[in-house]
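Enquirer: Next one to model:
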Amino acid sequence: MIVHPIPPVYDGASRILILGSFPSVRSREACFFYGHPQNRFWKVTAAVFGEPVPQTVEEKRAFLLRNHIAVWDVIASCDITGSSDASIRNVTANDLDRILRAADIRTVYVNGKTAYKYYQKYAEPATGRPAVCLPSTSPANAAWSVERLTEAWKCIRE
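Expert: Numbers count the residues shown, from 1 in each chain. I've put the predicted structure just below:
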């Protein structure tokens, strides 16, 4: 059983919430979200907001807060082999209320189908809020180019 090691990023000005499934090995090592260099999350979100791609954890955190984005994951703990979403078992969900109580979240987005599946199973019944499923920025979603992802993710600006 691996427990999620990364605290959520949000503040009172956060308006959108983006949830992944569970952090990859590289993200857990970096102690921050989307830590694998091949994950396109930072490239895509920076392009959506017309900003340079943040490099350091401090720059990434500042980028999120400046653009009113809260980030966390659906899963608090699970059994997982490496970074494989397909191997996820024995899920305990994160309590999203701490973010939803602190910020005026207008829309919940999930990064990929695995996050969406677990959101629908665990989080939506608890929050009563549907989520918008965006195509995954993971390198495993190779069918989607950065350009295509950026186009699909533009809805987070609105």
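
Enquirer: Stretch 42-61: end-to-end distance?
Expert: 11 Å (C-alpha to C-alpha, to the nearest Å).

Enquirer: And for that stretch, what's in contact with it?
Expert: By C-beta atoms under 8 Å, 6 or more residues apart in numbering, the residues outside stretch 42-61 that reach it are 9, 30-34, 62-63, 67, 69, 137, 146, 149-150, 153-154, 156-157. (Glycine included, C-beta is placed from N, CA and C.)

Enquirer: Let's see which of those residues end up in strands.
Expert: Of the contacts of stretch 42-61, the ones assigned to strands by DSSP state E are residue 69.

Enquirer: And the buried ones among the contacts of stretch 42-61, selectable in ChimeraX?
Expert: Of these, the buried ones can be selected in ChimeraX as follows, counting by 16 or more other C-beta atoms under 10 Å:
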select :9,30,32,33,34,63,67,69,137,149,150,153,156
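
Enquirer: Which residue, neighbours along the chain excluded, lies closest to residue 37?
Expert: Take residue 37 and drop its neighbours on the chain: the residue closest to it by C-beta to C-beta, 6 or more residues apart in numbering is residue 26, 7.7 Å away.

Enquirer: ignore the last one, residue 72
Expert: With sequence-adjacent residues excluded and distances taken as C-beta to C-beta, 6+ apart, residue 72 is closest to residue 8, at 3.7 Å.

Enquirer: still on that earlier bit, report how many residues lie close to the residue nearest to residue 37.
Expert: By other C-beta atoms under 10 Å, 15 other residues sit near residue 26.

Enquirer: Would you list the phi and psi of it?
Expert: Residue 26 adopts backbone torsions of phi -60, psi -40, taken as degrees, to the nearest 10.

Enquirer: Please could you give me each C-alpha atom of the one helix or strand residue 117 maps to, formatted as PDB?
Expert: In this structure, residue 117 sits in helix 113-118 according to DSSP states H and E. Coordinates of each C-alpha in helix 113-118 appear next as PDB, following Å, rounded to 0.1, in the frame of the first residue of the first chain:
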ATOM      1  CA  LYS A 113      -9.900   8.200 -18.000                       C
ATOM      2  CA  THR A 114      -8.500   6.400 -15.000                       C
ATOM      3  CA  ALA A 115      -8.900   9.500 -12.800                       C
ATOM      4  CA  TYR A 116     -12.400   9.900 -14.200                       C
ATOM      5  CA  LYS A 117     -13.300   6.300 -13.400                       C
ATOM      6  CA  TYR A 118     -12.100   6.700  -9.800                       C
END
